[in-house]
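Novice: only geometry, no sequence info:
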């Protein structure tokens, strides 16, 4: 039951935050009941605080993220998303939510 | 597509594994199990700070300590193809098995017959006598 | 009568066999394995490097093991870490005679033979 909502994200572009405070985006190709997820055409976004540091997007390709590391998965609204200039965006780093093991 | 299915179809492919301690392992996937434990060949292990590089001929990794794995991009299509092929194969097997089922049913019927007073037994016996 | 029950028995066992096989097939058509993926036999009497969850690291000769991957190692040498920074290994060693390693606290196992420090092989690919 708990996994029923994740199924609506399948084949859609999602954003994932992991316990080590990283930001991934990719097409959700699959998942299992321990929330291990497959992300196709995965990218990682690095958003910096200061002006002289450039934000980065790193192309990563096909990824399997282990469930224990996934903090949240959210569907991306493409129309809203395109309004955002990711190079200009500034933001504080997220704090890690370290899971023992 | 289940993550572990995709992973099994990545056998003999180069993959990158990052562990929860930040170490990364680059190597060829030899095998994996349902706990995501892996065995890799020709591994380059990179320390958490990215300064030490260790070459290992093979390596076993605990699944529950994996953060993520990076697989070759084209693997997704390959894995999808494989699942389709497997599905076909299974369907074909199922057809063959329904044939087998018929046999099973007959056996059941025989057993029932046995319970119903050894009717079949007598018949079998007759056959044996012939 | 004996003959009869025998016959029934053999039929039944055949049936359950069939069922089991079918069950297996439907459960794991091409999925990951349930049995051990690492044959520790090939490492017996050989030196292996074992890393633990938590970051400790030892090298020792494999003497024995079990299904749960508990290991028995002999002539073990632990590579000590910098007390200031857990991630940094020092040159310091600590020796043990015989060690039992608990399977659940294992992180990685690799043979010592053929392993070694190398230069950055991704020199141009790392940004």
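Specialist: Good, I have the coordinates. The structure presented is a predicted model; accordingly, all values stated were derived computationally and were not measured. Residues are numbered from 1 along each chain as shown, chains lettered A, B, ... in the order given.
Novice: next helix or strand past the strand ranked longest in chain C?
Specialist: Using DSSP state E, we find that the single longest strand of chain C is strand C:89-101. Downstream of strand C:89-101, the next assigned helix or strand under DSSP states H and E is strand C:106-111.
Novice: and that next one, what other elements does it pack with?
Specialist: Counting by 3 or more C-beta pairs under 8 Å, 6 or more residues apart in numbering or on different chains; DSSP states H and E, the packing neighbours recorded for strand C:106-111 are strand B:53-61, strand C:47-52. Where you see a C-beta, it was placed from the backbone N, CA and C, and this is true even at glycine.
Novice: elements contacting the next helix or strand after that strand?
Specialist: Using DSSP H and E, the helix or strand that follows strand C:106-111 in sequence is strand C:116-118. In this structure, strand C:116-118 makes packing contacts with strand B:53-61, judged by 3+ C-beta pairs under 8 Å, 6+ apart.
Novice: which other helices and strands does the strand it packs on contact?
Specialist: Taking 3+ C-beta pairs under 8 Å, 6+ apart as the contact cut, strand B:53-61 packs with strand B:24-32, strand B:38-46, strand C:106-111, strand C:116-118.
Novice: tabulate those (JSON lines), appending mean pLDDT and mean neighbour count.
Specialist: Converted to JSON lines, these look like this (pLDDT from 0 to 100; neighbours: other C-beta atoms under 10 Å in any protein chain shown):
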{"stretch": "strand B:24-32", "mean pLDDT": "95", "mean neighbour count": "20"}
{"stretch": "strand B:38-46", "mean pLDDT": "95", "mean neighbour count": "21"}
{"stretch": "strand C:106-111", "mean pLDDT": "95", "mean neighbour count": "22"}
{"stretch": "strand C:116-118", "mean pLDDT": "89", "mean neighbour count": "10"}
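Novice: could I get those strands as CSV with distance to residue C:86?
Specialist: As requested, these are exported to CSV (distance: least, C-beta to C-beta, whole Å):
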stretch, distance to residue C:86
strand B:24-32, 18
strand B:38-46, 17
strand C:106-111, 14
strand C:116-118, 20
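Novice: out of those strands, nearest to residue B:88?
Specialist: With C-beta to C-beta as the criterion, residue B:88 lies closest to strand B:24-32 of these, at 24.1 Å.
Novice: is that closest one anywhere near chain A?
Specialist: No - judged by C-beta under 8 Å from any C-beta of the partner chain, strand B:24-32 stays clear of chain A, getting no closer than 10.5 Å.
Novice: any part of that strand near chain C?
Specialist: Yes - against chain C, strand B:24-32 shows contacts by C-beta under 8 Å from any C-beta at B:25, B:26, B:30, B:31, B:32.
Novice: need the max-distance pair from those.
Specialist: Distance extremes for the residues of strand B:24-32 next to chain C: the farthest pair is B:26 and B:31 at 16.9 Å, using C-beta to C-beta.
Novice: quick check, nearest of the residues of strand B:24-32 next to chain C to chain A?
Specialist: Of all the residues of strand B:24-32 next to chain C, residue B:32 has the smallest distance to chain A: 10.5 Å, by C-beta to the nearest C-beta.
Novice: quick one: residues contacting the closest one.
Specialist: For residue B:32, the contacting residues are B:4, B:7, B:8, B:11, B:38, B:39, B:63, C:32, C:33, C:37, by C-beta atoms under 8 Å, 6 or more residues apart in numbering or on different chains.
Novice: got a markdown table for those, with secondary structure too?
Specialist: Shown next, in a markdown table, are these (DSSP: H, G, I helix; E, B strand; the rest coil):
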| residue | secondary structure |
| --- | --- |
| B:4 | helix |
| B:7 | helix |
| B:8 | helix |
| B:11 | coil |
| B:38 | strand |
| B:39 | strand |
| B:63 | helix |
| C:32 | coil |
| C:33 | strand |
| C:37 | coil |
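Novice: in ChimeraX, select just the buried ones from the residues you listed.
Specialist: Remark: buried members of the contacts of residue B:32, expressed as a ChimeraX selection using 16 or more other C-beta atoms under 10 Å in any protein chain shown:
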select /B:4,7,8,38,39,63 /C:32,37
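Novice: near chain A, which of the contacts of residue B:32 show up?
Specialist: Contacts with chain A are made by B:4, B:7, B:63 out of the contacts of residue B:32, judged by C-beta under 8 Å from any C-beta.
Novice: low pLDDT regions in chain A?
Specialist: Counting by pLDDT under 70, chain A contains low-confidence ranges at A:1-3, A:98-101.
Novice: and for chain B?
Specialist: B:99-130.
Novice: for it, just list every one of the helices.
Specialist: Under the criterion DSSP state H, chain B carries helices at the ranges B:3-8, B:75-115, B:119-129.
Novice: thinking again about what came up before, ok, so of the residues of strand B:24-32 next to chain C, who is nearest residue B:50?
Specialist: residue B:26 (12.4 Å).
Novice: once you drop chain neighbours, what's closest to the closest one?
Specialist: Take residue B:26 and drop its neighbours on the chain: the residue closest to it by C-beta to C-beta, 6 or more residues apart in numbering or on different chains is residue B:44, 4.6 Å away.
Novice: brilliant, that's me finished.
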